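Student: Need a 3D model of the following:
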Amino acid sequence: MTDPLQPESPASAFPVPGAPVPGTLGPLEVSARFTAAFGREPDGVWTAPGRVNLIGEHTDYNEGFVLPFAINRTAAVAVRLRGDSTARLLSSYGDQAVVTVDLSTLSHDTMQGWTAYPLGVVWVLRQMGVEIGGFDLFLHSTVPTGAGLSSSAAIECAVASAFNDLSGAGLSANELVLVGQRAENEVVGAPTGILDQSASLLSTEGHAVFLDCRTQESKLVPLDLAAEDLLVLVVDTRVTHAHATGGYAARRASCELGAEVLGVHALRDVAEADLPEAAGLLDPETFRRVRHIVTEDQRVLDTVAVLAGAGPSAIGTLLTASHASMRDDFEISCPELDLAVDTAVANGALGARMTGGGFGGSAIALVPAAEEAKVRDGVVRAFAKAGFAAPDIFAVSPAQGARRVL
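Tutor: I've put the predicted structure just below:
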């Protein structure tokens, strides 16, 4: 199957690194664009956000802990049900034509390019027994692709929410999380956990989502950055990544090997105190992968505790330690991410780390509002001096999760 995340895919309907993010359309504008394309008004408009993972990277598929929050960049879908088995899909980005698919022949082979995300969700729901016939769908997204901000989960969660409502399936948010993950795993081919979909579906404004990926239990953790004059800057390095390629899968395989050798169900069951013994049982590379997961789980727990006590201004050192672990032990960083993190901290950020699956994408920096301009300027200058492409830098805030907006 064509990798929907690859910019060379002719069906790709989302911005690739270096291309401008399309302007935000409100619900009425999305509805109007749908009507102009398909000749009828939609049955409704649903939206779901991308996410920043504050801390807890690659811990989700190891049944550990994560702490993401939804951001104020979203995917929106307008949908109208049809009386036949035809699906017509259109995206707002670029000079795109309507993609038409016969749902009676829907299979992995017919889900190509960007349509693999919405059609993958439909395929999973139909596999679960949810009755979904033909439909028209218009998609508009402001979540950058390949930036580690979960553009794919935003699409999946918006589509899952729409068809959950339209079909009357009555699935819970936690069940929709698993629908999105299954679409990502089985259709897109990316072996991701439940972090991204959980953030997109469960978040509320001004909070992060503390998620136990073993039990799928979640708790909202206050993350009131504005109250402490803080903001989170995203530095999109424009180095594209794709979870369906080998690096992500190789890290997951290393974790599974580590758990097998250590005789545990998942690396969640290994404590920091167990690491000296693990070093004698594992080859050096596998040990480093295991050490990252074990210490990252603890950093998530520590971050939640600090947020409940001293507040967000005190979590910076945990963020920076997380990046060092991903750079040195998990080896998923890149020169652009390292430069963004180091430069942000040198110019006043309280802490910084890469976010997302790695091998490119974005870094985040926790920044006092008074230092924002200095951090931005410092990173831009450092990238130019290094000969890297100019990064896209923007602030995000903890936002509301997936919902119907029209």
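
Student: CA only for contacts and neighbour counts going forward, please
Tutor: OK.

Student: Please, where are all the strands along the chain?
Tutor: Along the chain, the stretches classed as strands by DSSP state E are 44-55, 65-81, 86-91, 99-102, 135-141, 207-212, 217-222, 230-236, 351-355, 362-368, 392-396, 403-404.

Student: helices and strands around the shortest one, which ones?
Tutor: Using 3 or more Cα pairs under 8 Å, 6 or more residues apart in numbering; DSSP states H and E, the elements in contact with strand 403-404 are strand 44-55, helix 151-167.

Student: gap between Gly357 and Pro276?
Tutor: Separation of Gly357 from Pro276 (Cα to Cα, to the nearest Å) stands at 27 Å.

Student: So the two - more neighbours on which side?
Tutor: More crowded of Gly357 and Pro276, by other Cα atoms under 10 Å: Gly357, with 26 against 11.

Student: And that one, how far from Gly146?
Tutor: Applying Cα to Cα to Gly357 and Gly146 gives a distance of 10 Å.

Student: Low-confidence stretches in this structure?
Tutor: 1-23, 94-95, 241-246 (pLDDT under 70).

Student: any idea how far Val270 is from the residue sitting furthest away from the middle of it?
Tutor: Distance from the centre of the chain peaks at Gly280, with 35.0 Å (Cα atoms, centre = their mean). Here Gly280 is placed at a distance of 14 Å from Val270 (Cα to Cα).

Student: now do Val304
Tutor: 20 Å.

Student: same thing with Ala249?
Tutor: 21 Å.

Student: wait, what's in contact with Asp392?
Tutor: 234-238 (Cα atoms under 8 Å, 6 or more residues apart in numbering).

Student: now those residues in a markdown table, with neighbour count and distance to Thr110?
Tutor: Formatted as a markdown table, the contacts of Asp392 follow (neighbours: other Cα atoms under 10 Å; distance: Cα to Cα, whole Å):
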| residue | neighbour count | distance to Thr110 |
| --- | --- | --- |
| Val234 | 27 | 35 |
| Val235 | 28 | 35 |
| Asp236 | 28 | 32 |
| Thr237 | 27 | 33 |
| Arg238 | 24 | 30 |
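
Student: Pull the most distant pair out of these.
Tutor: Farthest-apart pair in those is Val234 and Arg238; separation 11.5 Å (Cα to Cα).

Student: okay, and the common contacts of those two?
Tutor: 362, 392.

Student: How about the contacts made by the nearest residue to Asp236 once chain neighbours are set aside?
Tutor: The shortest distance from Asp236 to any non-neighbouring residue, by Cα to Cα, 6 or more residues apart in numbering, is to Ser362 (4.3 Å). By Cα under 8 Å, 6+ apart, the residues touching Ser362 are 147-149, 234-238, 337, 354-356.

Student: change it to 6 Å
Tutor: With contact set as Cα atoms under 6 Å, 6 or more residues apart in numbering, Ser362 has these partners: 147-148, 235-237, 354-355.

Student: what do you get for Leu233?
Tutor: 364-365, 394-395.

Student: hmm, back to that, relative to Phe163, which of the strands of the chain is closest?
Tutor: Nearest of the strands of the chain (Cα to Cα): strand 65-81, 8.5 Å.

Student: Grab the nearest non-local neighbour of Asn72.
Tutor: Using Cα to Cα, 6+ apart, the closest residue to Asn72 is Ala399 (5.5 Å).

Student: I'd say that neighbour and Ile71 touch.
Tutor: Yes: when contacts are counted by Cα atoms under 6 Å, Ala399 is listed as touching Ile71 (5.0 Å).

Student: Look at these two and report which has more neighbours.
Tutor: Higher neighbour count among Ala399 and Ile71: Ile71, with 26 against 23, using other Cα under 10 Å.

Student: Tell me how far the more buried one lies from Asn53.
Tutor: Ile71 is 10 Å from Asn53, by Cα to Cα.

Student: Next one: the closest residue in space to Gly348 that isn't next to it in sequence relative to Ala365, how far apart?
Tutor: Leaving out its chain neighbours, the residue that sits closest to Gly348 by Cα to Cα, 6+ apart is Glu371, at 6.0 Å. The spacing between Glu371 and Ala365, counted by Cα to Cα, is 11 Å.

Student: For Ile194, give me its contacts.
Tutor: So Ile194 contacts Gln181 (Cα under 6 Å, 6+ apart).

Student: ok, 10 Å please
Tutor: Ile194 makes contact with 60-61, 63, 66, 153, 174, 177-182, 184, 211-214, 216 under the criterion Cα atoms under 10 Å, 6 or more residues apart in numbering.

Student: Got phi/psi on the residue lying closest to Gly361 once chain neighbours are set aside?
Tutor: Leaving out its chain neighbours, the residue that sits closest to Gly361 by Cα to Cα, 6+ apart is Ala147, at 3.8 Å. The phi/psi pair for Ala147 (degrees, to the nearest 10) reads phi -100, psi 0.

Student: Please renumber the chain so that the first residue is 292 from this point on.
Tutor: All set: I'll call the first residue 292, so the last point we hit is now Ala438.

Student: burial count for Ala438?
Tutor: Ala438: 28 neighbours (other Cα under 10 Å).

Student: coming back round to it: overlap of the contact sets of Ala690 and Ile362?
Tutor: In contact with both Ala690 and Ile362: 340-342, 490-491, 494-496, using Cα under 10 Å, 6+ apart.

Student: nearest to Phe674, of those residues?
Tutor: The closest of the shared contacts of Ala690 and Ile362, once distances to Phe674 are taken by Cα to Cα, is Arg342, at 24.4 Å.
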